[in-house]
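>>> Let me see the structure of the following:
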Amino acid sequence: MIALTESAIDAVRNAIAGAAAPVGGLRILVEAGGCAGFQYRMGLVARPDPDDLVIDQGGVRLFVDGASGALLAGTTIDFVVALEGSGFTFDNPNAKTQCGCGKSFSQGGGSC
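So this is what the prediction gives:
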């Protein structure tokens, strides 16, 4: 299961409210890439893909890519505001290493 903090829920709600096209939810997936091997991808979409897991949290619908579910299990997503910039952060118990950018991770012993 993926959890969103209240700050993340608010950020997603604001993004949905400001979207030009109708939005059904936030799609989350992990793909190969980034400086550590895997990278997170998120985006507002109209509807889930057929193999997506649909999770409702605080009035926000998350569409989790079916192939990414195991890599994201137990992850908490937060939205932080800092002097360096604002954005989503991922606390993923499946990540063995994580880059300083916080958007890339590895399951093995590799480093960034």
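
>>> on contacts alone, who are the packing partners of the lengthiest helix in the chain?
Longest helix in the chain by number of residues, with DSSP state H as the criterion: helix 6-18. Helices and strands touching helix 6-18, as assessed by 3 or more CB pairs under 8 Å, 6 or more residues apart in numbering; DSSP states H and E, comprise strand 25-33, strand 60-64, strand 76-82. The way it works is simple: take the backbone N, C-alpha and C, and place the C-beta from them, glycine included.

>>> could you redo the last one with a cut-off of 6 Å?
strand 76-82 (3 or more CB pairs under 6 Å, 6 or more residues apart in numbering; DSSP states H and E).

>>> For the strand it packs on, which residues meet the burial criterion?
Going by neighbour count (16 or more other CB atoms under 10 Å), the buried part of strand 76-82 is 77, 78, 79.

>>> quick one: which of those residues is nearest to residue 18?
Among the buried residues of strand 76-82, residue 79 lies closest to residue 18 (CB to CB), at 14.6 Å.

>>> and that closest one, how far is that from residue 60?
From residue 79 across to residue 60, the span is 12 Å (CB to CB, to the nearest Å).

>>> least trustworthy helix or strand in this protein by mean pLDDT?
In the chain, the helix or strand scored least confidently by mean pLDDT, DSSP states H and E is strand 104-106, which has a mean of 46.

>>> Identify the residues contacting residue 61.
By CB atoms under 6 Å, 6 or more residues apart in numbering, the contact list for residue 61 reads residue 25.
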